[in-house]
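1. Got a predicted structure plus its sequence, pasted below:
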Amino acid sequence: MLKQLLRRKDLDAILRESEVPQHQLKRALGAFDVVMLGIGAIIGAGIFATIGTAAAGDASRLGAGPALILSFVLTGVACGFAALCYAEFAAMVPISGSAYTYSYATMGEFVAWIIGWDLIIEYAVGNVAVAISWGNYFKTFVAGFHLFIPDWLSTDYRTAGRIPGLLENAPHIFGVPIVFNILAFGIVSLITIVLVIGIRESARINTLMVLLKLAVLGFFVFVGWKYVKPENWHPFAPNGWGGIQAGAAVVFFAYIGFDAVSTVAEEVRNPKRDLPRGIIGSLIVCTVIYIVVAAVFTGIIPYSALVQMLATKQAEPLTLALEYANIEKYAGLFVGIVAFGSVVAHTAVLLVFQLGQPRIFFSMARDGLLPAGFAKVHPKFRTPYVTTILTGVAVGVCSMFVSIDEMVDLTNIGTLFAFALVCTGILILRKRDPNRPRGFRTPWVPVVPMLGIGSCLYLMLGLPAVTWVRFGGWLIVGMVIYFLYGFKKSGLLRDQVSPK
């Protein structure tokens, strides 16, 4: 049985399967598209929603204070190690499965399944949180135009129970209050339709949104810089290194996404050249932007004032900073522009993550670990429409009823685990297949992969204990599903029983 769990898929066989006509996706993306997809996935809910909590802390963790700048540097370095490893794999194995496919080729089927299951946390579960956050920002944005969306149509049931009077005043059917988040479901549905239509169209929409949100972040820096007070940066690290580490573990959510570039590998015209550029290029651009935004944010609001503010205020940090600056002229307009930028940023992240999850399911189905119907490609649009629609329905329905609580931490630990295994895969493949042609080579092996593994584990240690418990429970559920279905239906097992 152990031998079956560790059965590996040959890299050449993986590449051949991607060329089978009924499973072939449309190659329509260039280097610029790939970089824009990376930035589209990275800059979103993280920078617009988590930096307030990272700087101030909460009941379960210390705050970084102005040393939030170092938290971004620490997380950027950790992600940089993982990005170099991802770049080598993506150029060598340009397949949609991302870390799942890389693990299948290096560490065996069981580890690959665990990674595929784990990536659901990053993409699908993470997108539930982003969709809920999008709904909150959209509601605030349209309220500026005197368009007020009822709370019972924009709140999940669990959160509604903590808001006095909401359940009592909501419509009732047979005595049961009707409460759900139609905004989150609506945006997920719209994005699902766009993704089914085609990758080229999706990339164009993403590029437009990336340019808009970069302009809004630039606007925040330009306006906010005038209100920065250097004395607000003292004390720089009020909670020492513990606060910096805890802050890094939170803002890691702001970095999730550069790996999503690898899920469109089969739709890139020149993947060996453009995928490494997209992965590394988008990470560098976003790290610089994050450091500048963090410096302005912590320079406007002193740590002592930030920790006194409600968590709901901290969850909208950029608009909070502009409000705190007490701008005399056009204050409402400036806040509205930043709120609009947040809506656009959330939309871009939703689009790229909704694009990534179906392609991982697509690859797993092609390997027999999921039902064959998941590997169907639309005859006209050449997109994995079955998994795209199923992912859209699952994320949309969940986002209507679940709370955003703890979603960020769960997404972070799942993604860090995947990053660590990708770094491990580079060490294994360099030993097992050193002569295989590589379009990009991770420098300083084994130092870079080992630093990647160590830094990811270090950031994982900064997450609350309850997150580890939930992550362990999620993996156990995945193992049960694998042994009930994937272990028996594996394409590798089928080939062994009926060799061609």
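-> It's in. As the structure is a prediction and not an experimental result, all values here were calculated from the model.
2. now the strands for the stretch 151-300 of the chain?
-> Assigned by DSSP state E, counting those that start in this stretch, the stretch 151-300 of the chain shows strands spanning 172-173, 176-177.
3. Serialize these to JSON lines and add fields for mean neighbour count.
-> Every C-beta, even on glycine, is put in place using the N, C-alpha and C of the backbone. Compiled in JSON lines, the strands of the stretch 151-300 of the chain are given as follows (neighbours: other C-beta atoms under 10 Å):
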{"stretch": "strand 172-173", "mean neighbour count": "9"}
{"stretch": "strand 176-177", "mean neighbour count": "13"}
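4. Columns distance to Ala56 on top of those, output as TSV?
-> Conversion of those to TSV gives the following (distance: least, C-beta to C-beta, whole Å):
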stretch	distance to Ala56
strand 172-173	38
strand 176-177	33
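5. Out of those, which is closest to Val142?
-> The closest approach between Val142 and any of those, judged by C-beta to C-beta, belongs to strand 176-177 at 23.7 Å.
6. pLDDT averaged over the closest one - what is it?
-> Taken as a whole, strand 176-177 carries a mean pLDDT of 88.
7. Could you point out which residue ranges in the stretch 201-350 of the chain have low pLDDT?
-> Low-confidence segments of the stretch 201-350 of the chain, defined by pLDDT under 70, span residues 201, 310-315.
8. again, 50 this time
-> Within the stretch 201-350 of the chain, no stretch has pLDDT under 50.
9. out of the strands of the stretch 151-300 of the chain, which comes closest to Pro94?
-> With C-beta to C-beta as the measure, strand 176-177 is the member of these nearest Pro94 (50.0 Å).
10. Distance from the chain centre to that closest one, please.
-> Strand 176-177 sits 34 Å away from the centroid of its parent chain (C-alpha atoms, centre = their mean, to the nearest Å).
11. partners of it in the sheet?
-> According to DSSP bridges, strand 176-177 forms sheet pairs with strand 172-173 (antiparallel).
12. contacts for the partner strand?
-> Outside strand 172-173, the residues that touch it by C-beta atoms under 8 Å, 6 or more residues apart in numbering are Ile178.
13. what mean pLDDT would you report for that strand?
-> For strand 172-173, the mean per-residue pLDDT is 91.
14. and that strand, how far from the chain's centre?
-> For strand 172-173, the distance between its averaged C-alpha position and the chain's averaged C-alpha position is 37 Å (C-alpha atoms, centre = their mean).
15. what's the answer for stretch 128-136, then?
-> Computed by C-alpha atoms, centre = their mean, the separation of stretch 128-136 from the middle of its chain amounts to 13 Å.
16. cool, and stretch 170-187?
-> With C-alpha atoms, centre = their mean, you get 27 Å for stretch 170-187.
17. How about stretch 378-395?
-> Centroid displacement of stretch 378-395 relative to its chain, using C-alpha atoms, centre = their mean, is 19 Å.
18. Please export the C-alpha coordinates of that stretch as CSV.
-> Presented in CSV, the C-alpha positions along stretch 378-395 are these (Å, rounded to 0.1, in the frame of the first residue of the first chain):
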residue,chain,number,x,y,z
HIS,A,378,-15.9,23.8,-23.5
PRO,A,379,-16.0,23.0,-27.2
LYS,A,380,-16.2,26.6,-28.2
PHE,A,381,-14.4,28.6,-25.5
ARG,A,382,-11.7,25.9,-24.7
THR,A,383,-12.1,26.6,-20.9
PRO,A,384,-12.6,24.1,-18.1
TYR,A,385,-16.2,25.1,-17.8
VAL,A,386,-17.5,22.3,-15.6
THR,A,387,-15.1,22.9,-12.8
THR,A,388,-15.4,26.7,-13.3
ILE,A,389,-19.2,26.5,-12.8
LEU,A,390,-19.0,24.1,-9.9
THR,A,391,-16.4,26.3,-8.1
GLY,A,392,-18.5,29.4,-8.8
VAL,A,393,-21.6,27.8,-7.3
ALA,A,394,-19.7,26.5,-4.2
VAL,A,395,-18.0,29.8,-3.5
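19. returning to what we had before: go through the strands of the stretch 151-300 of the chain and name the closest to Ile389.
-> Among the strands of the stretch 151-300 of the chain, the nearest to Ile389 by C-beta to C-beta is strand 172-173 (28.3 Å).
20. and Tyr100, which of the strands of the stretch 151-300 of the chain is closest to it?
-> Go through the strands of the stretch 151-300 of the chain one by one with C-beta to C-beta and the one that ends up closest to Tyr100 is strand 176-177, at 40.5 Å.
21. Run through who's touching the closest one.
-> Applying C-beta under 8 Å, 6+ apart, the set of residues contacting strand 176-177 from outside is 152, 160, 167-168, 170-171.
22. Closest one of those to Ala91?
-> Ala160 (48.0 Å).
23. and the closest one, how many residues sit next to it?
-> 20 (other C-beta atoms under 10 Å).
24. can you tell me which residues contact it?
-> Residues counted as contacts of Ala160 (C-beta under 8 Å, 6+ apart) are 151-152, 166-167, 170, 177, 179.
25. got it, and Ala348?
-> For Ala348, the set of contacting residues under the criterion of C-beta under 8 Å, 6+ apart consists of 40-41, 43-44, 206, 209-210, 213.
26. Name the member of these with the most neighbours.
-> Gly40 (32 neighbours).
27. what separates the helix or strand that Ser342 is a member of from the chain centre, distance-wise?
-> Following DSSP states H and E, the helix or strand that holds Ser342 is helix 331-366. Its chain's C-alpha centre lies 9 Å from the corresponding centre of helix 331-366 when counted by C-alpha atoms, centre = their mean.
28. quick one, the very next helix or strand once past it and helix 331-366 angle?
-> Using DSSP H and E, the next helix or strand after helix 331-366 towards the C-terminus is helix 385-401. With axes from the mean of the first three to the mean of the last three C-alpha atoms, to 10 degrees as the criterion, the two stretches helix 385-401 and helix 331-366 enclose an angle of 130 degrees.
29. Quick one: list the elements packing against helix 385-401.
-> Under the contact criterion of 3 or more C-beta pairs under 8 Å, 6 or more residues apart in numbering; DSSP states H and E, helix 385-401 touches helix 126-143, helix 182-197, helix 331-366.
30. List the buried residues of stretch 132-150.
-> Of the residues in stretch 132-150, those with enough neighbours to count as buried (16 or more other C-beta atoms under 10 Å) are 132-141, 149.
31. Tell me the one among those residues nearest to Thr192.
-> Trp134 (14.1 Å).
32. Now do that closest one against His346, distance only.
-> Using C-beta to C-beta, to the nearest Å, Trp134 is found at 4 Å from His346.
33. what sits in contact with each of these two?
-> Ala45.
34. Quick check: closest non-adjacent residue to Ala170.
-> Nearest in space to Ala170, with sequence neighbours left out and distances taken as C-beta to C-beta, 6 or more residues apart in numbering, is Trp152 at 3.8 Å.
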